[in-house]
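Trainee: Generate coordinates for the sequence data below:
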Amino acid sequence: MKDKLSHDAGLARPARRAFLRMSATAAMLAAVGSGLALAGKVEAAVPNGIKIMTEEEFKVFQRLMEVTLPAEGTKLVPYQKIPVLQTLDAALLATMEPHILQGLKQGINYFNDGPKASTGKRFVELSDAEAIRFCDTWADSSEVPQRALAMGLKKLVGLAYWANPPTWEPLGYDGPVTRRWKLKSYGNAPMPKN
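Mentor: As a prediction, the model looks like this:
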């Protein structure tokens, strides 16, 4: 499935994966650096196409998607019509090194528990207004783990949305020029020395 996603999206696989991994690594490093404990894996059903996320992790990303990808009243494709979280799961999480994935999962749990101190609720239980306010507060926080997680997790959701070609048309983007111009991909070939 990851090969199909990379091919269908028309994106250079190494560059996209490197960018996604960089975002996830930033969130993971913040979580690991703060000495968080790994949450136990929740055994529960998740939608078809989700193999790596637990039910709780899926709920966090679902809630983030709801408050960060509003398309109502715009020409943008509603996230409900795009396999955003399936793309995130298959194109990023399934390809991560185990230690990086573990750190990211710690960060997701930490983020979900973040609003408990001020609201008594987990992130997935917040209203839209509360969830937006929480994301904005953490994105603007002086605490590195909070800032990194708010920005990193939102970025992962956004990248997974825009990786799907149907989202491009409303922007007038017809895909990578490398495909149109039939340029050969060299992947992560080193730059010439001279």
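Trainee: ok, and for the host helix or strand of residue 154, which residues are buried?
Mentor: Per DSSP states H and E, residue 154 falls inside helix 144-162. Along helix 144-162, these residues count as buried under the neighbour rule (16 or more other C-beta atoms under 10 Å): 145-162. Any C-beta I mention is one placed from the backbone N, CA and C, and that applies to glycine too.
Trainee: Distance check, the spatially most central residue of the chain against residue 96.
Mentor: Against the mean C-alpha coordinate of the chain, by C-alpha atoms, centre = their mean, the closest residue is residue 156 at 2.0 Å. Distance of residue 156 to residue 96, given as C-beta to C-beta, to the nearest Å: 11 Å.
Trainee: Over to residue 53?
Mentor: For residue 53, the distance to residue 96 - C-beta to C-beta - is 12 Å.
Trainee: Under the pLDDT cut-off, which ranges of the protein? List them.
Mentor: Residues of the chain that meet the criterion pLDDT under 70 lie in 1-45.
Trainee: May I ask you to confirm that residue 75 is in contact with residue 170?
Mentor: Yes. The criterion here is C-beta atoms under 8 Å, and residue 75 meets it with residue 170 at 4.1 Å.
Trainee: neighbour count winner among the two?
Mentor: Using other C-beta atoms under 10 Å, the more surrounded residue of residue 75 and residue 170 is residue 170, with 12 against 8.
Trainee: List the contacts of the more buried one.
Mentor: Counting by C-beta atoms under 8 Å, 6 or more residues apart in numbering, residue 170 touches 74-77.
Trainee: I only care about those residues that end up buried; give me the ChimeraX line for that.
Mentor: To isolate the buried ones among the contacts of residue 170 in ChimeraX, judged by 16+ other C-beta under 10 Å, type:
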select :76,77
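Trainee: Run through the residues that contact residue 134.
Mentor: Going by C-beta under 8 Å, 6+ apart, the list of residues near residue 134 reads 114-115, 119, 123, 126.
Trainee: Could you measure from it over to residue 92?
Mentor: Taking C-beta to C-beta, one finds residue 134 at 23 Å from residue 92.
Trainee: Please export the C-alpha coordinates of the host helix or strand of residue 179 as PDB.
Mentor: Here residue 179 sits within helix 177-180, counting by DSSP H and E. Provided in PDB are the C-alpha atoms of helix 177-180 (Å, rounded to 0.1, in the frame of the first residue of the first chain):
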ATOM      1  CA  VAL A 177       6.600  18.700 -12.500                       C
ATOM      2  CA  THR A 178       8.900  15.700 -12.300                       C
ATOM      3  CA  ARG A 179       6.000  13.500 -13.400                       C
ATOM      4  CA  ARG A 180       4.800  15.800 -16.200                       C
END
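Trainee: Number the chain from 788, please
Mentor: Sure, I'll start numbering at 788, so the last one becomes helix 964-967.
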